[in-house]
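**Q** dropping the sequence and predicted coords here.
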Amino acid sequence: MRMTKRTSVFLEVTIILLTCAFSLNGAWYDAQPSPRAPDVPSYPGFSSIDPSRNHFVVFGDTRGKSPWEFWLEKTGNVREEILQEITDNKPAFVINLGDLVLKGESTRSWLEFDRLHAGVREEGIPYFPVLGNHEMQGNTEAALRNYFKRFPHLSGQRWYSFIWKNVGFIMLDSNLSALTPAERSEQIRWYTAELERFEADAQVRYVIACTHEPPFTNRA
């Protein structure tokens, strides 16, 4: 197609209008001044598990939708409704399979996460996350700092395990591209050792390994 002067002007105007539209919809909220963060809330951990409760909840992708993801279906208040249902059922603990927030380094993203999980904190429900790819977005050090401040019971560990009743849980970091070769090797070694430890433990009858990225996918 031949590019005329009129076509060129039309394209420039279109790009400007699209840019303004995305900006107004919040696509660039991380480029705006971040709100001043209040005291960072921490979520209950291992010592807060109530042994009298006999159920737990596994869920994930609590992040909001980016305005760039215009093709995704609008979900309205579904996140609020799910978290309210979880809070009302008072499980022994919850496991979040990653993508807790839209952007890990963003104060705004984490404030939204804290708002959604206010009921979980108030009920003292222990919270065990695994790292998703969105937790690593932006400046990695800032992103991980936001993450670990809220979950001090993880002691800065990107992978960890615990036993509840007769179930062993292994929480893995599937962000392999964000790990050094030495870290990837260390996680594999640790994972194998944990499987062997649980196998030798007569208390453990079941093992559940949790990751954000699935080990198998039907995507080409």
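**A** Cool, got the structure. Residues are numbered from 1 along each chain as shown.
**Q** please make it C-alpha for all contacts and neighbour counts, starting now.
**A** Will do.
**Q** for this structure, which segments count as helices?
**A** 5-24, 78-89, 107-116, 118-122, 140-150, 181-200 (DSSP state H).
**Q** alpha carbons only: can I get the last one in PDB?
**A** These are the backbone C-alpha positions of helix 181-200, laid out as PDB (Å, rounded to 0.1, in the frame of the first residue of the first chain):
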ATOM      1  CA  PRO A 181      21.800 -22.400  36.700                       C
ATOM      2  CA  ALA A 182      23.100 -23.000  40.300                       C
ATOM      3  CA  GLU A 183      19.700 -22.100  41.700                       C
ATOM      4  CA  ARG A 184      17.900 -24.400  39.300                       C
ATOM      5  CA  SER A 185      20.200 -27.200  40.200                       C
ATOM      6  CA  GLU A 186      19.700 -26.500  43.900                       C
ATOM      7  CA  GLN A 187      15.900 -26.600  43.600                       C
ATOM      8  CA  ILE A 188      16.000 -29.900  41.700                       C
ATOM      9  CA  ARG A 189      18.300 -31.400  44.400                       C
ATOM     10  CA  TRP A 190      16.200 -30.100  47.200                       C
ATOM     11  CA  TYR A 191      12.900 -31.300  45.500                       C
ATOM     12  CA  THR A 192      14.400 -34.800  45.100                       C
ATOM     13  CA  ALA A 193      15.500 -34.800  48.800                       C
ATOM     14  CA  GLU A 194      12.100 -33.700  50.000                       C
ATOM     15  CA  LEU A 195      10.400 -36.500  48.000                       C
ATOM     16  CA  GLU A 196      12.700 -39.000  49.600                       C
ATOM     17  CA  ARG A 197      12.200 -37.500  53.100                       C
ATOM     18  CA  PHE A 198       8.400 -37.700  52.800                       C
ATOM     19  CA  GLU A 199       8.600 -41.200  51.400                       C
ATOM     20  CA  ALA A 200      10.600 -42.300  54.500                       C
END
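**Q** what helices and strands are in contact with that helix?
**A** Helix 181-200 is packed against strand 167-171, with contacts defined by 3 or more Cα pairs under 8 Å, 6 or more residues apart in numbering; DSSP states H and E.
**Q** and Ala118, how far is that from Leu83?
**A** Ala118 is 9 Å from Leu83, where distance means Cα to Cα, to the nearest Å.
**Q** repeat that for Arg115.
**A** Counting by Cα to Cα, the gap from Arg115 to Leu83 is 11 Å.
**Q** what's the answer for Gln157, then?
**A** From Gln157 to Leu83 the distance is 26 Å (Cα to Cα).
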